[in-house]
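**Q** Pasting a predicted model and its sequence here:
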Amino acid sequence: MVNKVFFLILLVGLPLSIIGNILHWPTVLMFVVYCITIVALAGYMGRATESLAIVSGPQIGGLLNATFGNAVELIISIFALKAGLIGVVLASLTGSVLGNLLLVAGLSFFIGGLKFKRQNFNVYDARHNSGLLMFAVIVAFVIPEVFSMTMSPAKTLSLSIGISIILIMLYLAALMFRLVTHRGVYQPKESGNIEHEEPEWKKWKAIIVLAFATAAVAYVSEALVHTFEEVAETFGWTELFIGVIIVAIVGNAAEHASAIIFAFKNKMDIAVEIAIGSTLQIAMFVAPVLVLISLFLPEKMPLVFTLPELIAMTSSVLLMTVISNDGETNWFEGATLLAAYVIMGIGFYLL
(Lines give C-alpha, C1' and ligand atoms only; values in the text may rest on other atoms or scores of the structure.)
Protein backbone atom coordinates (compact mmCIF):
# COMPACT_ATOMS: atom_id res chain seq x y z
CA MET A 1 0.00 0.00 0.00
CA VAL A 2 2.74 2.45 1.02
CA ASN A 3 4.76 1.55 -2.08
CA LYS A 4 1.75 2.34 -4.31
CA VAL A 5 1.29 5.70 -2.60
CA PHE A 6 4.97 6.55 -3.16
CA PHE A 7 4.67 5.49 -6.81
CA LEU A 8 1.62 7.74 -7.36
CA ILE A 9 3.31 10.67 -5.58
CA LEU A 10 6.40 10.23 -7.74
CA LEU A 11 4.33 9.85 -10.92
CA VAL A 12 2.63 13.19 -10.23
CA GLY A 13 5.28 15.01 -8.17
CA LEU A 14 8.34 14.66 -10.42
CA PRO A 15 6.68 16.08 -13.57
CA LEU A 16 5.08 18.85 -11.50
CA SER A 17 8.48 19.67 -9.98
CA ILE A 18 10.07 19.98 -13.42
CA ILE A 19 7.18 21.96 -15.00
CA GLY A 20 6.71 24.20 -11.95
CA ASN A 21 10.42 24.98 -11.81
CA ILE A 22 10.53 25.93 -15.50
CA LEU A 23 7.31 28.00 -15.39
CA HIS A 24 8.07 29.56 -11.98
CA TRP A 25 4.87 28.56 -10.23
CA PRO A 26 4.10 30.05 -6.75
CA THR A 27 7.04 29.44 -4.40
CA VAL A 28 5.10 28.12 -1.40
CA LEU A 29 3.20 25.64 -3.59
CA MET A 30 6.43 24.41 -5.18
CA PHE A 31 8.10 24.12 -1.76
CA VAL A 32 5.41 21.60 -0.77
CA VAL A 33 5.63 19.76 -4.11
CA TYR A 34 9.44 19.53 -3.91
CA CYS A 35 9.38 18.22 -0.32
CA ILE A 36 6.77 15.54 -1.08
CA THR A 37 8.60 14.50 -4.24
CA ILE A 38 11.92 14.15 -2.39
CA VAL A 39 10.22 12.03 0.30
CA ALA A 40 8.82 9.72 -2.42
CA LEU A 41 12.23 9.48 -4.12
CA ALA A 42 13.81 8.76 -0.74
CA GLY A 43 11.32 5.94 -0.30
CA TYR A 44 12.59 4.32 -3.50
CA MET A 45 16.18 4.81 -2.35
CA GLY A 46 15.25 3.11 0.90
CA ARG A 47 13.69 0.12 -0.87
CA ALA A 48 16.71 -0.25 -3.15
CA THR A 49 19.19 -0.12 -0.29
CA GLU A 50 17.03 -2.54 1.72
CA SER A 51 17.29 -5.03 -1.15
CA LEU A 52 21.06 -4.61 -1.19
CA ALA A 53 21.17 -4.84 2.63
CA ILE A 54 19.51 -8.26 2.66
CA VAL A 55 22.40 -9.83 0.75
CA SER A 56 25.10 -7.75 2.47
CA GLY A 57 24.44 -8.27 6.20
CA PRO A 58 23.39 -5.75 8.85
CA GLN A 59 26.61 -3.72 9.07
CA ILE A 60 27.14 -3.17 5.33
CA GLY A 61 23.40 -2.94 4.78
CA GLY A 62 23.04 -0.27 7.43
CA LEU A 63 26.03 1.60 5.98
CA LEU A 64 24.52 1.49 2.47
CA ASN A 65 21.19 2.74 3.75
CA ALA A 66 22.79 5.55 5.75
CA THR A 67 25.05 6.54 2.84
CA PHE A 68 22.33 6.84 0.22
CA GLY A 69 19.96 8.39 2.73
CA ASN A 70 22.57 11.01 3.57
CA ALA A 71 23.23 11.55 -0.15
CA VAL A 72 19.93 13.45 -0.26
CA GLU A 73 21.03 15.71 2.58
CA LEU A 74 24.51 16.20 1.08
CA ILE A 75 23.02 17.22 -2.26
CA ILE A 76 20.60 19.70 -0.64
CA SER A 77 23.43 21.12 1.49
CA ILE A 78 25.78 21.61 -1.47
CA PHE A 79 23.16 23.65 -3.32
CA ALA A 80 22.42 25.60 -0.13
CA LEU A 81 26.16 26.34 0.19
CA LYS A 82 26.25 27.59 -3.40
CA ALA A 83 23.33 29.88 -2.53
CA GLY A 84 25.27 31.23 0.47
CA LEU A 85 22.83 29.76 3.04
CA ILE A 86 25.50 28.78 5.58
CA GLY A 87 23.04 28.97 8.48
CA VAL A 88 20.64 26.56 6.78
CA VAL A 89 23.45 24.07 6.09
CA LEU A 90 24.72 24.05 9.68
CA ALA A 91 21.16 23.86 10.97
CA SER A 92 20.38 20.92 8.66
CA LEU A 93 23.45 19.08 9.98
CA THR A 94 22.16 19.69 13.50
CA GLY A 95 18.73 18.51 12.43
CA SER A 96 20.19 15.32 10.97
CA VAL A 97 21.91 14.47 14.25
CA LEU A 98 18.72 15.16 16.23
CA GLY A 99 16.51 13.49 13.63
CA ASN A 100 18.53 10.28 13.44
CA LEU A 101 19.24 9.88 17.16
CA LEU A 102 15.86 11.01 18.49
CA LEU A 103 13.24 10.79 15.71
CA VAL A 104 14.44 7.81 13.63
CA ALA A 105 15.69 5.76 16.59
CA GLY A 106 12.74 6.87 18.71
CA LEU A 107 10.14 5.82 16.13
CA SER A 108 12.01 2.54 15.50
CA PHE A 109 12.16 1.67 19.19
CA PHE A 110 8.55 2.76 19.76
CA ILE A 111 6.91 1.01 16.81
CA GLY A 112 9.05 -2.12 17.15
CA GLY A 113 8.36 -2.13 20.89
CA LEU A 114 4.59 -2.09 20.34
CA LYS A 115 4.93 -5.45 18.55
CA PHE A 116 7.73 -6.99 20.65
CA LYS A 117 8.11 -6.64 24.44
CA ARG A 118 11.92 -6.53 24.24
CA GLN A 119 14.16 -6.08 21.23
CA ASN A 120 17.87 -6.83 21.20
CA PHE A 121 20.69 -5.51 19.05
CA ASN A 122 24.47 -5.91 18.97
CA VAL A 123 25.69 -4.31 22.21
CA TYR A 124 29.32 -4.22 21.00
CA ASP A 125 28.39 -2.15 17.96
CA ALA A 126 26.29 0.14 20.16
CA ARG A 127 29.19 0.81 22.53
CA HIS A 128 31.64 1.30 19.66
CA ASN A 129 29.27 3.79 18.02
CA SER A 130 28.63 5.60 21.31
CA GLY A 131 32.33 6.38 21.72
CA LEU A 132 32.57 7.71 18.17
CA LEU A 133 29.41 9.77 18.64
CA MET A 134 30.78 11.42 21.75
CA PHE A 135 34.05 12.17 19.97
CA ALA A 136 32.46 13.51 16.78
CA VAL A 137 29.79 15.71 18.35
CA ILE A 138 31.11 16.65 21.78
CA VAL A 139 34.81 16.99 20.91
CA ALA A 140 34.95 17.88 17.21
CA PHE A 141 31.93 20.21 17.19
CA VAL A 142 32.28 21.89 20.58
CA ILE A 143 36.01 22.73 20.29
CA PRO A 144 35.69 25.00 17.20
CA GLU A 145 32.90 26.95 18.94
CA VAL A 146 34.97 27.43 22.12
CA PHE A 147 38.17 28.37 20.29
CA SER A 148 36.36 30.68 17.85
CA MET A 149 35.53 33.00 20.76
CA THR A 150 39.17 34.14 20.89
CA MET A 151 40.17 33.54 17.25
CA SER A 152 39.90 35.57 14.07
CA PRO A 153 37.53 34.22 11.37
CA ALA A 154 40.53 33.15 9.26
CA LYS A 155 42.03 31.10 12.11
CA THR A 156 38.62 29.61 12.94
CA LEU A 157 38.31 28.46 9.33
CA SER A 158 41.83 26.95 9.46
CA LEU A 159 40.90 25.09 12.66
CA SER A 160 37.70 23.84 10.99
CA ILE A 161 39.68 22.56 7.99
CA GLY A 162 42.13 20.71 10.24
CA ILE A 163 39.31 19.14 12.29
CA SER A 164 37.45 18.19 9.09
CA ILE A 165 40.45 16.32 7.69
CA ILE A 166 40.93 14.47 10.99
CA LEU A 167 37.23 13.54 11.15
CA ILE A 168 37.26 12.12 7.61
CA MET A 169 40.42 10.10 8.32
CA LEU A 170 38.98 8.71 11.56
CA TYR A 171 35.69 7.84 9.84
CA LEU A 172 37.54 5.89 7.15
CA ALA A 173 39.57 4.17 9.89
CA ALA A 174 36.32 3.25 11.67
CA LEU A 175 35.02 1.65 8.47
CA MET A 176 38.30 -0.22 8.09
CA PHE A 177 38.02 -1.43 11.70
CA ARG A 178 34.46 -2.68 11.42
CA LEU A 179 34.40 -4.01 7.85
CA VAL A 180 37.96 -5.30 7.38
CA THR A 181 40.28 -5.81 10.37
CA HIS A 182 37.55 -6.74 12.90
CA ARG A 183 34.79 -7.95 10.63
CA GLY A 184 33.08 -10.91 12.30
CA VAL A 185 34.88 -10.45 15.63
CA TYR A 186 31.71 -9.05 17.21
CA GLN A 187 29.03 -11.12 15.50
CA PRO A 188 25.59 -9.52 15.22
CA LYS A 189 22.80 -11.71 16.57
CA GLU A 190 20.42 -11.33 13.61
CA SER A 191 22.70 -11.92 10.64
CA GLY A 192 21.32 -15.43 10.04
CA ASN A 193 17.78 -14.13 9.56
CA ILE A 194 18.85 -11.54 7.02
CA GLU A 195 20.86 -13.89 4.84
CA HIS A 196 17.82 -16.17 4.21
CA GLU A 197 15.41 -13.41 3.24
CA GLU A 198 14.62 -12.73 -0.41
CA PRO A 199 15.36 -9.15 -1.57
CA GLU A 200 12.50 -7.21 -3.20
CA TRP A 201 14.67 -6.27 -6.19
CA LYS A 202 17.62 -7.95 -7.86
CA LYS A 203 21.04 -6.37 -7.43
CA TRP A 204 21.23 -4.51 -10.75
CA LYS A 205 17.64 -3.28 -10.59
CA ALA A 206 18.32 -1.88 -7.12
CA ILE A 207 21.47 -0.12 -8.36
CA ILE A 208 19.60 1.39 -11.36
CA VAL A 209 16.79 2.64 -9.11
CA LEU A 210 19.37 4.17 -6.76
CA ALA A 211 21.12 5.95 -9.61
CA PHE A 212 17.86 7.34 -11.04
CA ALA A 213 16.51 8.41 -7.64
CA THR A 214 19.78 10.12 -6.69
CA ALA A 215 19.86 12.07 -9.99
CA ALA A 216 16.21 13.10 -9.57
CA VAL A 217 16.83 14.16 -5.98
CA ALA A 218 19.74 16.33 -7.12
CA TYR A 219 17.48 18.19 -9.57
CA VAL A 220 14.58 18.67 -7.15
CA SER A 221 16.91 19.63 -4.28
CA GLU A 222 18.45 22.48 -6.25
CA ALA A 223 14.98 23.85 -6.92
CA LEU A 224 13.96 23.36 -3.28
CA VAL A 225 16.88 25.42 -1.98
CA HIS A 226 15.74 28.47 -3.97
CA THR A 227 12.38 28.45 -2.15
CA PHE A 228 13.79 28.70 1.40
CA GLU A 229 14.00 32.48 1.76
CA GLU A 230 10.50 33.23 0.49
CA VAL A 231 8.97 30.36 2.48
CA ALA A 232 10.71 31.60 5.63
CA GLU A 233 9.28 35.09 5.12
CA THR A 234 5.79 33.75 4.36
CA PHE A 235 5.49 31.51 7.45
CA GLY A 236 7.71 33.53 9.77
CA TRP A 237 10.22 30.65 10.07
CA THR A 238 13.90 31.22 10.76
CA GLU A 239 16.71 29.66 8.74
CA LEU A 240 17.53 27.68 11.89
CA PHE A 241 14.06 26.09 12.04
CA ILE A 242 14.02 25.34 8.30
CA GLY A 243 17.42 23.63 8.56
CA VAL A 244 16.92 21.77 11.84
CA ILE A 245 13.40 20.49 11.19
CA ILE A 246 12.26 20.81 7.55
CA VAL A 247 15.46 20.07 5.59
CA ALA A 248 16.55 17.37 8.06
CA ILE A 249 13.25 15.49 7.91
CA VAL A 250 12.99 15.72 4.10
CA GLY A 251 16.66 14.92 3.59
CA ASN A 252 16.59 11.86 5.86
CA ALA A 253 13.25 10.43 4.76
CA ALA A 254 14.89 7.29 3.34
CA GLU A 255 16.47 6.33 6.67
CA HIS A 256 13.26 7.17 8.55
CA ALA A 257 11.20 4.71 6.51
CA SER A 258 13.79 1.93 6.33
CA ALA A 259 14.75 1.95 10.01
CA ILE A 260 11.11 1.78 11.13
CA ILE A 261 10.37 -1.09 8.73
CA PHE A 262 13.40 -3.05 9.96
CA ALA A 263 12.42 -2.45 13.60
CA PHE A 264 8.87 -3.65 12.93
CA LYS A 265 10.40 -6.85 11.49
CA ASN A 266 12.54 -7.17 14.67
CA LYS A 267 15.77 -6.57 12.74
CA MET A 268 17.16 -4.16 15.29
CA ASP A 269 20.81 -4.54 14.26
CA ILE A 270 20.07 -2.83 10.95
CA ALA A 271 17.59 -0.34 12.44
CA VAL A 272 20.12 0.84 15.05
CA GLU A 273 22.93 0.83 12.50
CA ILE A 274 20.87 3.09 10.23
CA ALA A 275 20.04 5.56 13.01
CA ILE A 276 23.44 5.74 14.72
CA GLY A 277 25.55 4.96 11.64
CA SER A 278 23.82 7.73 9.72
CA THR A 279 24.54 10.18 12.54
CA LEU A 280 28.20 9.21 12.55
CA GLN A 281 28.38 9.65 8.80
CA ILE A 282 26.80 13.11 9.06
CA ALA A 283 29.14 14.22 11.86
CA MET A 284 32.37 12.58 10.67
CA PHE A 285 32.02 12.68 6.88
CA VAL A 286 29.22 14.87 5.48
CA ALA A 287 29.91 17.91 7.70
CA PRO A 288 33.71 17.85 7.10
CA VAL A 289 33.20 17.33 3.34
CA LEU A 290 30.90 20.36 3.23
CA VAL A 291 33.53 22.45 5.01
CA LEU A 292 36.11 21.43 2.39
CA ILE A 293 33.69 21.98 -0.52
CA SER A 294 32.93 25.48 0.76
CA LEU A 295 36.60 26.41 0.22
CA PHE A 296 35.87 26.42 -3.53
CA LEU A 297 32.76 28.60 -3.15
CA PRO A 298 32.39 32.36 -2.51
CA GLU A 299 31.27 31.85 1.12
CA LYS A 300 33.39 29.60 3.34
CA MET A 301 31.72 27.49 6.05
CA PRO A 302 33.58 27.08 9.37
CA LEU A 303 32.51 24.19 11.58
CA VAL A 304 30.97 26.54 14.15
CA PHE A 305 27.46 25.88 15.39
CA THR A 306 25.27 28.08 17.58
CA LEU A 307 25.03 27.36 21.30
CA PRO A 308 21.44 25.96 21.09
CA GLU A 309 22.54 23.63 18.28
CA LEU A 310 25.54 22.37 20.26
CA ILE A 311 23.53 21.80 23.45
CA ALA A 312 20.78 20.00 21.51
CA MET A 313 23.26 17.69 19.72
CA THR A 314 25.24 16.97 22.90
CA SER A 315 22.06 16.16 24.85
CA SER A 316 20.90 13.82 22.06
CA VAL A 317 24.21 11.95 22.02
CA LEU A 318 24.25 11.52 25.81
CA LEU A 319 20.60 10.35 25.89
CA MET A 320 21.13 7.88 23.05
CA THR A 321 24.31 6.56 24.67
CA VAL A 322 22.54 5.87 27.97
CA ILE A 323 19.56 4.19 26.28
CA SER A 324 21.46 2.05 23.76
CA ASN A 325 24.44 0.85 25.79
CA ASP A 326 22.61 -2.21 27.20
CA GLY A 327 21.80 -3.64 23.75
CA GLU A 328 18.07 -3.77 24.50
CA THR A 329 15.15 -1.49 23.83
CA ASN A 330 11.38 -1.20 24.28
CA TRP A 331 8.53 1.14 23.34
CA PHE A 332 9.00 3.37 26.40
CA GLU A 333 12.61 4.13 25.52
CA GLY A 334 11.40 5.05 22.04
CA ALA A 335 8.79 7.36 23.55
CA THR A 336 11.52 9.02 25.65
CA LEU A 337 13.61 9.78 22.55
CA LEU A 338 10.56 11.11 20.70
CA ALA A 339 9.63 13.35 23.64
CA ALA A 340 13.15 14.82 23.61
CA TYR A 341 12.85 15.50 19.86
CA VAL A 342 9.50 17.29 20.25
CA ILE A 343 10.86 19.44 23.10
CA MET A 344 13.87 20.49 21.00
CA GLY A 345 11.66 21.08 17.95
CA ILE A 346 9.46 23.46 19.94
CA GLY A 347 12.56 25.27 21.19
CA PHE A 348 13.97 25.77 17.68
CA TYR A 349 10.58 26.92 16.40
CA LEU A 350 10.34 29.60 19.09
CA LEU A 351 13.93 30.85 18.71
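**A** Here it is on my side, so go on. Numbering: from 1, shown residues only.
**Q** quick one, what contacts I161?
**A** By CB atoms under 8 Å, 6 or more residues apart in numbering, the contact set of I161 is V291, L292, L295. In this view, the C-beta of every residue, glycine as well, is placed from N, C-alpha and C.
**Q** low-scoring stretches of this structure, by residue?
**A** Per-residue confidence for the chain (pLDDT under 70) gives these ranges: 1-2, 55-59, 61-62, 65-66, 69, 183-197, 251-255.
**Q** Could you grab the helix/strand/coil label for the closest residue to F109 other than its chain neighbours?
**A** Leaving aside its sequence neighbours, F109 sits nearest to G334 (CB to CB, 6 or more residues apart in numbering; 3.0 Å). Here G334 is helix, with the state taken from DSSP: H, G, I helix; E, B strand; the rest coil.
**Q** Break down the stretch 151-300 of the chain into its helices, ranges please.
**A** Using DSSP state H, counting those that start in this stretch, the helices of the stretch 151-300 of the chain run over 153-176, 191-195, 203-225, 228-235, 239-241, 248-251, 253-264, 268-281, 287-294.
**Q** Deepest-packed of these, please.
**A** Ranked by mean neighbour count, these are led by helix 268-281 with a mean of 29 (mean count of other CB atoms under 10 Å).
**Q** what sits against P308?
**A** With contact taken as CB under 8 Å, 6+ apart, P308 is in contact with L240, G347, F348, L351.
**Q** Tell me, how many residues neighbour N3?
**A** Neighbourhood size, N3 [other CB atoms under 10 Å]: 11.
**Q** Now do the same contact list for it.
**A** G43, R47.
**Q** relative to helix 203-225, how tilted is the host helix or strand of it?
**A** Using DSSP states H and E, N3 sits within helix 2-23. Angle between the axes of helix 2-23 and helix 203-225 is 40 degrees (criterion: axes from the mean of the first three to the mean of the last three CA atoms, to 10 degrees).
**Q** tell me which residues of the next helix or strand after helix 2-23 are tucked away?
**A** Next in sequence after helix 2-23, counting helices and strands by DSSP H and E, comes helix 27-56. Within helix 27-56, the residues that qualify as buried by neighbour count (16 or more other CB atoms under 10 Å) are 27, 30-31, 33-56.
**Q** Who are the packing partners of the next helix-or-strand element following helix 27-56?
**A** Downstream of helix 27-56, the first helix or strand assigned by DSSP H and E is helix 58-82. Packing contacts for helix 58-82, counted by 3 or more CB pairs under 8 Å, 6 or more residues apart in numbering; DSSP states H and E, involve helix 27-56, helix 86-98, helix 191-195, helix 203-225, helix 248-251, helix 253-264, helix 268-281, helix 287-294.
**Q** now for the last one, which elements pack on it?
**A** Right, the one you point to is helix 287-294. Here helix 287-294 touches helix 58-82, helix 86-98, helix 153-176, going by 3+ CB pairs under 8 Å, 6+ apart.
**Q** Could you dump the ones you listed into a markdown table with distance to I249 added?
**A** What follows is the helices and strands packed on helix 287-294, written out as a markdown table (distance: least, CB to CB, whole Å):
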| stretch | distance to I249 |
| --- | --- |
| helix 58-82 | 10 |
| helix 86-98 | 7 |
| helix 153-176 | 24 |
